[in-house]
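A.B. asks: can you look at this prediction? I've put the sequence above it.
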Amino acid sequence: MKARQSAIEDEQIAHVLRRCGFGPKPGDVDRWRDDGAAGLIDALLEDDEIHALEPDGLFDQFGDADDIDSEALFDAYINPMLAATNPLHERMTWYWHTHFTSSIESSGPRFGWQQHHLLRRHALGNFRDLARAISTDPAMLLYLDGAGSDGDNPNENYAREFMELFTLGLDGGYVEDDVRAAARIFSGWHVDWETAEVRFESEKHYDRPVAFMGKRQRWNIDSLIDHICSLQACHEHVVTRLYHHLVGSDLSDSRRAELAQVFADSDLEIKPLVAAMIRGEDFLEALHSRTRQPFEWALAAMNVLGFRAIEQVDLKHWQLEQLGQMPMRPPNVAGWPLDDRWSSPSQVIARTSLLLDWELPEAVVNSVAPTVHEVLTRCGIFAPSESTRAALDEIEQNFSEFDYRLELLFVTAMASPEFSLL
Amino acid sequence: MSTFSRNQSDERALLAHVLNRRRFLTLLGGAGAAGAVGCSSAAPMRKANTNAAAAATADDSLPMSPSAVEPQPRRPVDPNGRLVVIEMQGGNDGLAMLQPFESGVLRDHRPGLMSADEDLVDAGNGFGWHPALAGLAGLGISGVVGVGSNDPDFSHFAMEQRWWRGDSGRDSRARTGFCGRVCDVLDVGDPVTGLSFSGSPSPALASEKAVTVGLSDPGASWFFSQDERWFDMLRTTYGAMSVASPDDNPRFEAARHGLADTLRFAEALSEIPQEDDETYPWTDLGQQLRFASEVLDLDVGVRVMHVRQGGYDTHSGQEYRHRELMTELNDATMAFVNDLDARGRLDNTTIVTTSEFGRRVTNNDGGTDHGGASSMLVSSPASRAGGGAVYGEAPNLSRLDDGNLVATARFEDYYASIAEECFAIDANEVLPTGGTPITGLI
């Protein structure tokens, strides 16, 4: 065996690849060993390639947009994330889906797919542009009832969630009257199911002066979003949510203020904020500090086993649903939790069950020896805890049925606390 | 306008998966029996009972029922009680579910959303159940009106949190849920005390010491009860990984607990039969309740079950959507009650509904926005024996708070009834801010 640098350095590289993508893929850590975690982070931030899919490709492929096979939609969604030519871009596309949630239960697959492209375009762009674009995105208009909301009797759903979840946070300095005022300002948008277009209907828009957060004037959707995005509460809220996703739940007030300042100084550009987060010392120290959500776990497991496209593996969208996390179908507008509930027996059972359904690919059987070291390396675990190590050693020493030993090692390693955490 | 949702063939595929995930086992020489996959139509509904309202007070004020508060004698905690909570997610329109007779005011405020008096099913005390609940009402259900918070919020998440935690106040930071605390009191070390059917346990079941679990289906843990050496070895490795290591952070600790708890209860639940049961409707709620009945019948220590019915956030299309929801609730719960009865498990079981809030009194265009106090539905030993009644004080329609019904009871009072009457648990033990049982409700 070749001499390795310290396991800790390898673990840090794997950590960066887990957080800034859905990796590591087999061989990734070897490739970045010379540059180290810092070099890897630089390279990830320098990559400007945006894997923009052809917006209408899927619909050309399937003809009638109303009759899209949800499996095919799911495959088209997940494959670029699995391929991850630009991992950080894929990660941020996924993040914004967990931030600006919408469900195809409300919008149907066509608009869900369209929104996915919007998120891909803006994933590392400008937050204000993203907030504005998503506010008149058809899937969002349908999901949070902005579509058809009439200024004289507006639907409050979007206004409330926009402020509470997307921008300001529950303690973001607004009151119930501001929700009602914002609902009026957001009114007037219509989704045409036939043409798949969004229209502004001025006669349904409330265009008289209205008081919003202490300012009484004639607002429109642009001035409203500009105003909200100019508030410190918005900067801090976005920083907090993104930090919980990329780094962990342990965000100090001073670090929050520091990152909110970076965000404000860059005029709400997303990339400088991400850069400040992942270049911070707290990022590398946050090893295994949050649970790996089921979608992240499933992609990582597919990567470990070398599946390059979803067609190669027996993963159906409803299986992810059983795991509790189906893209484009969040449980509610707050998205999916990031807490320890993903470590519950429910998850252990669902994840084990999924692994038992998969067959080890020939390539893995032929290239990975059924030893603890090779399986851990393949899983991107370089500094295993004592008890995980002991569990795997037990297999290597006491399970002689060679044919099924590799399966047992993989199932155990991918059920380990290390692999279950991000 | 089309709505995309999981179609029936997806549902069948899911069940087929449950029945057929035996490849690994077959490979190793074992075999799991696969049952037939089928689907059933909804249970036939009874003819609506259209007794006229006995009494109705002034048009702008809902009738009141007598509710003298009597002190409850203390008893030892009752380990035999079983509780099934149906969470109506999104904010159920209590006014349409449990409607006052002869209320022209409501009909004016919300055209199209209220049922005609002659279609309502008499619930007692001047109220009628939604016509789609006729079948369930025939089995004896009670209602309670005016349930909510004295300091309401209109965010789903804020109010869901409060209901889960069992604290209607704004500032609660409780880490456990009401159902989880009930499980903690009842916990006698059984492998599982609280169960929900979801990828993760409901936050309502968050507990200190009792094991509470979320399970996608009761057969999901089959692989932990196989005899073959491969599975025996898998149990050994999971057990080894559940042992604490030096430098474990809190996330590691949680992951290790998860592995340990899995081993403890998986075997117990693996005995549940997986045959399809055609007496339950093929809906999310119907299938959850089917599993619930099997778990209760197996009697492995589960005392509290939490199931969910989504879709109540009827900002638009309410007239149609709410009727569908009421039908789904009726059909699934009726099948459940009848099934438990046939299994001899009904007598000590109480079924209650929760929902984060009601809907605005005045409708928007085609639906209703988030509202205040709401009504809840209960099927308890008392309601089934006595036919049911309506409890609580109806909110005054002429004294709305910004268009919303004002709560006449905190939901802690509702929870207090459940804790005290279902399990003889002192309400103060499971409710951080206490609660006063609603006499006679359960």
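C.D. replies: Yes, it's here.
A.B. asks: what sits against the closest residue to B:Ile86 other than its chain neighbours?
C.D. replies: Using CB to CB, 6 or more residues apart in numbering or on different chains and skipping residues adjacent in sequence, the residue nearest B:Ile86 is B:Thr353, 4.8 Å away. In short, each C-beta sits where N, CA and C put it, glycine included. Contact partners of B:Thr353, counting by CB atoms under 8 Å, 6 or more residues apart in numbering or on different chains, are B:85-88, B:92, B:329, B:376-378.
A.B. asks: is it true that B:Thr353 lies in a strand?
C.D. replies: Yes. Per DSSP: H, G, I helix; E, B strand; the rest coil, B:Thr353 lies within a strand segment.
A.B. asks: roughly how far does it sit from B:Glu208?
C.D. replies: Distance of B:Thr353 to B:Glu208, computed by CB to CB, to the nearest Å: 26 Å.
A.B. asks: before we move on, what about A:Ala182?
C.D. replies: A:Ala182 is 40 Å from B:Glu208, by CB to CB.
A.B. asks: settle it for me: which of these two has more neighbours?
C.D. replies: Neighbours per residue (other CB atoms under 10 Å in any protein chain shown) separate A:Ala182 from B:Glu208, with A:Ala182 holding more: 26 against 11.
A.B. asks: and the more buried one, what element?
C.D. replies: Assessed by DSSP states H and E, A:Ala182 sits inside helix A:176-185.
A.B. asks: contacting residues for the residue nearest to A:His15 when sequence neighbours are not counted?
C.D. replies: Distance criterion CB to CB, 6+ apart; nearest residue to A:His15, sequence neighbours excluded, is A:Leu287 at 5.5 Å. Going by CB under 8 Å, 6+ apart, A:Leu287 touches A:11-12, A:15.
A.B. asks: which stretches of the stretch 151-300 of chain A form strands?
C.D. replies: A:189-192, A:197-200, A:210-212, A:215-217 (DSSP state E, counting those that start in this stretch).
A.B. asks: how about CSV for the ones you listed, with distance to chain B, mean neighbour count and mean pLDDT added?
C.D. replies: Formatted as CSV, the strands of the stretch 151-300 of chain A follow (distance: least, CB to the nearest CB, whole Å; neighbours: other CB atoms under 10 Å in any protein chain shown; pLDDT from 0 to 100):
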stretch, distance to chain B, mean neighbour count, mean pLDDT
strand A:189-192, 9, 18, 95
strand A:197-200, 15, 13, 94
strand A:210-212, 16, 19, 98
strand A:215-217, 20, 11, 97
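A.B. asks: look up how far B:Val352 lies from the residue most central in space within chain B.
C.D. replies: Centroid-nearest residue in chain B: B:Ile86, 1.1 Å away (criterion: CA atoms, centre = their mean). Distance check for B:Ile86 against B:Val352: by CB to CB, it reads 7 Å.
A.B. asks: return the residues of the stretch 251-400 of chain B in contact with chain A.
C.D. replies: B:251-252, B:254-259, B:261-262, B:265-266, B:313, B:315-316, B:364-365, B:367, B:369-370 (CB under 8 Å from any CB of the partner chain).
A.B. asks: among these, name the ones in helices.
C.D. replies: B:251-252, B:254-259, B:261-262, B:265-266 (DSSP state H).
A.B. asks: pLDDT and neighbour count for the residues you listed - can I get that in a markdown table?
C.D. replies: Formatted as a markdown table, those follow (pLDDT from 0 to 100; neighbours: other CB atoms under 10 Å in any protein chain shown):
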| residue | pLDDT | neighbour count |
| --- | --- | --- |
| B:Arg251 | 95 | 24 |
| B:Phe252 | 96 | 23 |
| B:Ala254 | 92 | 20 |
| B:Ala255 | 95 | 32 |
| B:Arg256 | 96 | 24 |
| B:His257 | 89 | 17 |
| B:Gly258 | 90 | 26 |
| B:Leu259 | 94 | 24 |
| B:Asp261 | 85 | 21 |
| B:Thr262 | 88 | 27 |
| B:Phe265 | 77 | 24 |
| B:Ala266 | 75 | 25 |
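A.B. asks: reformat these as TSV; add distance to B:Leu98.
C.D. replies: Formatted as TSV, those follow (distance: CB to CB, whole Å):
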residue	distance to B:Leu98
B:Arg251	44
B:Phe252	48
B:Ala254	41
B:Ala255	44
B:Arg256	46
B:His257	41
B:Gly258	40
B:Leu259	45
B:Asp261	39
B:Thr262	41
B:Phe265	37
B:Ala266	40
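A.B. asks: what's near enough to touch A:Lys327?
C.D. replies: Not Lys; residue A:327 is Pro. Contacts of A:Pro327 by CB under 8 Å, 6+ apart are A:74, A:77-78, A:94, A:97, A:295, A:320.
A.B. asks: filter those residues down to just the buried residues.
C.D. replies: A:74, A:77-78, A:94, A:97, A:295, A:320 (16 or more other CB atoms under 10 Å in any protein chain shown).
A.B. asks: can you pull the contacts of residue 252?
C.D. replies: By default, I'm working from chain A. Going by CB under 8 Å, 6+ apart, the list of residues near A:Ser252 is empty.
A.B. asks: the chain in question should be chain B.
C.D. replies: So B:Phe252 contacts A:288, A:385, A:417, A:421, B:245 (CB under 8 Å, 6+ apart).
A.B. asks: and stretch A:107-127 with chain B, contact?
C.D. replies: Yes. Applying CB under 8 Å from any CB, one finds stretch A:107-127 touching chain B at A:107-109.
A.B. asks: dump the contacts of A:Leu287 to TSV, plus distance to A:Pro24.
C.D. replies: Listed next are the contacts of A:Leu287 as TSV, based on distance: CB to CB, whole Å:
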residue	distance to A:Pro24
A:Glu11	10
A:Gln12	11
A:His15	9
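A.B. asks: buried subset of these?
C.D. replies: For those, buried by 16+ other CB under 10 Å: A:11-12, A:15.
A.B. asks: any stretches of the chain with poor pLDDT?
C.D. replies: The chain I'm using is chain A. Along chain A, segments meeting pLDDT under 70 span A:1-5, A:50-68, A:314, A:402-403.
A.B. asks: was after chain B, sorry
C.D. replies: B:1-74, B:171, B:173, B:199-200, B:217-219, B:270, B:273-276.
A.B. asks: could you pull out the helices in it for me?
C.D. replies: With DSSP H as the criterion, chain B has helices spanning B:8-20, B:23-27, B:94-97, B:104-109, B:134-137, B:156-165, B:178-186, B:229-241, B:250-269, B:284-298, B:318-342, B:381-386, B:411-423, B:427-430.
A.B. asks: quick one: list the elements packing against the third one.
C.D. replies: For helix B:94-97, the helices and strands in contact under the criterion 3 or more CB pairs under 8 Å, 6 or more residues apart in numbering or on different chains; DSSP states H and E are helix B:318-342, strand B:374-379.
A.B. asks: point out the most buried one among these.
C.D. replies: Mean neighbour count (mean count of other CB atoms under 10 Å in any protein chain shown) peaks for strand B:374-379 among these, with a mean of 28.
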